[in-house]
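**Student:** with the sequence up front, the predicted model follows.
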Amino acid sequence: MRVHDLRHHEFERILLIKPSAVGDVVHALPVLAKLRQRYPKARIDWMLTPHIAELIGHHPAISNVVLFQREAYGKPWKNWSKSTSGFLGMISDLRQANYDLVVDLHGQFRSAFFALVTGASTRIGFDRPRRSVRRAGRPLPKQAFVHGWTGAREGSWLAYTHRIPLPTLDAHAAERYLWLGKMLGFDEESPDFSMPVPAIAEAWVRKILEENGAQKKPLAFLAPGTLWETKHWPAESFAQVADYFLGKGWAVVLGGSGKDRAVCQRVRAAAPGAIDLSGKTSVSELAALIRRAEMCVTNDSGPMHMAAALGSPLVAIFGPTDPLWVGPFGQPASVVRAGLPCSPCYLRRISECPFGHACMKQVTPAQVIGRIEMLLGKTVGAGA
């Protein structure tokens, strides 16, 4: 089918592939909304990992969730029979769904493989990286093109019948995903990041806050954990921000996954009044906490993008990554940076940094607190 004809074709069975991570899935929410608006009667399924499906699966634009059991399929040596049968069963289900359109926003070999095995006549994904695009129109270090997004990877573009062109790299991830709209005829209205939060998750938050005597207090949510070593803002700095809120009569909740528990415990030890819920929440409960919060403070991470999507006031601390590409969408004032010439660098490990992690260490608690007060429009107080 020619690209011109795609704009006028009425697809009936659509699969969206963007299984993880939380921030990337949040960036794809506007594509889901546009697909539903463009094809109101279509079956629209989304391939998601189970822990993210627990939240996103409630979205009214989704017809069905296709669960991608990454943990089960990715380690067949642990249980060869179960892993193989589950993987083959998933392939069979994808074939039987008879999709006529697959949109792969993940752009790696694995996601392209799933797109191909559906047998869909139309499979859309990003084009491969090109040298002209890699220049990005501004000076960036080579690591940015290794760890940052530059197009489809691992030969995935070979599985697509139609490829989304890459006019530039100087665009936010959510904007890049919506380049799909030129092919399918999306309207040009503002992107819709609506994220449903289940009532049971909101009830859990009310219960937790009540148990900790915090139900009637304004809430600050702090997420100090990240996957990259170089994105970490010091735990001691987070603790000073927590103490600031506690001193104003706010409740402070520390959140994140189980992997973030160690850093959250360090913050909690330095700010004893904080409530540590790291590793104790589902994605839905995390979203409910963030939506309840009057202010969120985080490194560049999934909670940041959830806060931006949910409309919660936010301060995001950036160092090695580029807020133009992966910052809180439409909220440049939420970003706090040291503004060093070596940043962004996209180095993942602190041992690789020749400047001693200066881009994060030079962001001071006073700067972050000042931005908090600016965004709230007044000095933070118990009645804020």
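**Tutor:** Yep, that arrived. In this text the structure is predicted, and so the values were computed from the model without any measurement.
**Student:** where exactly do the helices run in the stretch 101-250 of the chain?
**Tutor:** Using DSSP state H, counting those that start in this stretch, the helices of the stretch 101-250 of the chain run over residues 109-117, 131-134, 142-147, 173-177, 181-184, 199-211, 235-247.
**Student:** between these, which one is nearest to Gln265?
**Tutor:** helix 235-247 (8.8 Å; CB to CB). Where you see a C-beta, it was placed from the backbone N, CA and C, and this is true even at glycine.
**Student:** I'd like the mean pLDDT over the following helix or strand past that closest one, please.
**Tutor:** Once helix 235-247 ends, the next helix or strand along the chain (criterion: DSSP states H and E) is strand 251-254. Mean per-residue pLDDT for strand 251-254: 98.
**Student:** note down every partner strand of strand 251-254 and its orientation.
**Tutor:** strand 219-223 (parallel), strand 275-276 (parallel) (DSSP bridges).
**Student:** residues contacting Pro323?
**Tutor:** Contacts for Pro323 were tallied using CB atoms under 8 Å, 6 or more residues apart in numbering; they are Asp300, Ala316, Pro332, Val335, Arg337.
**Student:** now restrict the residues you listed to buried residues only.
**Tutor:** For these, a burial check counting by 16 or more other CB atoms under 10 Å picks out Asp300, Ala316, Val335, Arg337.
**Student:** before we move on, the earlier item: quick one: which of the contacts of Pro323 is nearest Glu202?
**Tutor:** Of those, the one sitting nearest to Glu202 (CB to CB) turns out to be Ala316, at 23.9 Å.
**Student:** what segments of the stretch 251-384 of the chain are strands?
**Tutor:** Along the stretch 251-384 of the chain, counting by DSSP state E, counting those that start in this stretch, strands occupy 251-254, 275-276, 295-299, 314-317, 335-336.
**Student:** for Tyr39, find the nearest of those strands.
**Tutor:** Short answer: strand 314-317, nearest of these by CB to CB, at 32.5 Å.
**Student:** for that closest one, packing partners?
**Tutor:** strand 295-299, helix 302-310, strand 335-336, helix 365-376 (3 or more CB pairs under 8 Å, 6 or more residues apart in numbering; DSSP states H and E).
**Student:** tell me which of the strands paired with strand 251-254 is the most buried.
**Tutor:** Ranked by mean neighbour count, the strands paired with strand 251-254 are led by strand 219-223 with a mean of 26 (mean count of other CB atoms under 10 Å).
**Student:** same list (the contacts of Pro323) but as a markdown table, adding pLDDT and distance to Leu227.
**Tutor:** Listed next are the contacts of Pro323 as a markdown table, based on pLDDT from 0 to 100; distance: CB to CB, whole Å:
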| residue | pLDDT | distance to Leu227 |
| --- | --- | --- |
| Asp300 | 78 | 10 |
| Ala316 | 98 | 15 |
| Pro332 | 94 | 24 |
| Val335 | 97 | 19 |
| Arg337 | 96 | 19 |
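**Student:** can you redo these as JSON lines with distance to Leu277?
**Tutor:** Output for the contacts of Pro323, formatted as JSON lines (distance: CB to CB, whole Å):
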{"residue": "Asp300", "distance to Leu277": "21"}
{"residue": "Ala316", "distance to Leu277": "20"}
{"residue": "Pro332", "distance to Leu277": "29"}
{"residue": "Val335", "distance to Leu277": "25"}
{"residue": "Arg337", "distance to Leu277": "28"}
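**Student:** that'll do, ta.
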